[in-house]
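Asker: Give the three-dimensional model of this entry:
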Amino acid sequence: MSAVFQPVQRRLTVEAYHDLARTGHLGEDDRVELIEGLLIEMAPIGHPHMTIVNRLTRLLVRAVGDDAVVSVQNPVTLPPFSEPQPDVVLLAPRFIDVSAGRPGARDVLLLIEVSDRSLAYDRGIKRALYAREGIAEFWIVDVGAARIEVCRRPGSSGYGQHLAFGRGQTVTVEALEAVKVSVDDVFGDLPAG
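Answerer: Below you'll find the predicted structure:
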């Protein structure tokens, strides 16, 4: 009796993902990211999402000065199988120079995902990935609830600390204690829900 064929799913490595771009199979306008070896189509950017990313960018650029680089919708390399494109990342200051290369988990001071349509995905797959990779601080900016969920103390089984901040509260970036973000400044006049 012959063995029954069992298909095997093959995951892309970060290198193979980069090769797809180099050979023209993926273009700059393709809204995909590599998560756990799979090409994932990213959700379209809606108006509230765009507004909040712009506000966060402005607030963080002003707050961090030369103590960090604010990277907006750029990749973070998590070899061998992931290269997400978070909405906003605070990186070590050396990433102002091209010689710094591609940032990885150890270079991230804060990683932020703005979630309107992608909340379950960001709380599930993305949060687990970021914790496992050692991203020290991860924020989910929940557009519908007008709150910021803060995850700290990463480990192989997830984040050990989960905090939530709503209107009237301020969040401090743990790696840069002088950097404080007002939830009201992030959401402004956007209605909750």
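Asker: any idea how far residue 73 is from the residue sitting nearest the centre point of the chain?
Answerer: Computing the C-alpha centroid of the chain and ranking residues by C-alpha atoms, centre = their mean puts residue 86 first, at 2.9 Å. Per C-beta to C-beta, to the nearest Å, residue 86 is found 8 Å from residue 73. All C-beta spots, glycine's among them, are computed from the backbone N, C-alpha and C.
Asker: Repeat that for residue 140.
Answerer: Distance from residue 140 to residue 73, counting by C-beta to C-beta: 16 Å.
Asker: Counting neighbours around each, name which of those two comes out higher.
Answerer: Counted by other C-beta atoms under 10 Å, residue 140 and residue 73 do not tie: residue 140 has more neighbours, with 24 against 15.
Asker: Touching the lengthiest helix in the chain from outside, list them.
Answerer: In the chain, taking DSSP state H as the definition, the longest helix is helix 47-64. The contact list for helix 47-64, computed with C-beta atoms under 8 Å, 6 or more residues apart in numbering, reads 45, 68, 70, 72-73, 87-88, 90, 112, 114, 116, 141, 143, 176, 178-182, 185-188, 190.
Asker: can you do 6 Å?
Answerer: 70, 72, 87-88, 114, 116, 141, 143, 179, 181, 185-186, 190 (C-beta atoms under 6 Å, 6 or more residues apart in numbering).
Asker: can you pull out the helices in the chain?
Answerer: Applying DSSP H to the chain gives helices spanning 14-22, 47-64, 119-121, 127-133, 183-187.
Asker: sorry, back to before: closest one of the contacts of helix 47-64 to residue 36?
Answerer: The closest of these to residue 36 turns out to be residue 87 (C-beta to C-beta; 19.3 Å).
Asker: just checking, that closest one touches residue 116?
Answerer: No - the criterion here is C-beta atoms under 6 Å, and residue 87 misses it with residue 116 at 10.8 Å.
Asker: can you pull out the strands in this protein?
Answerer: Per DSSP state E, the chain carries strands over the ranges 32-35, 38-41, 69-72, 88-91, 108-115, 137-142, 147-155, 158-165, 170-173, 176-182.
Asker: Same list as before, these that is, but in JSON lines and with distance to residue 57 and mean pLDDT included.
Answerer: Formatted as JSON lines, the strands of the chain follow (distance: least, C-beta to C-beta, whole Å; pLDDT from 0 to 100):
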{"stretch": "strand 32-35", "distance to residue 57": "19", "mean pLDDT": "96"}
{"stretch": "strand 38-41", "distance to residue 57": "23", "mean pLDDT": "95"}
{"stretch": "strand 69-72", "distance to residue 57": "5", "mean pLDDT": "97"}
{"stretch": "strand 88-91", "distance to residue 57": "6", "mean pLDDT": "98"}
{"stretch": "strand 108-115", "distance to residue 57": "10", "mean pLDDT": "98"}
{"stretch": "strand 137-142", "distance to residue 57": "12", "mean pLDDT": "98"}
{"stretch": "strand 147-155", "distance to residue 57": "15", "mean pLDDT": "98"}
{"stretch": "strand 158-165", "distance to residue 57": "19", "mean pLDDT": "98"}
{"stretch": "strand 170-173", "distance to residue 57": "14", "mean pLDDT": "98"}
{"stretch": "strand 176-182", "distance to residue 57": "12", "mean pLDDT": "97"}
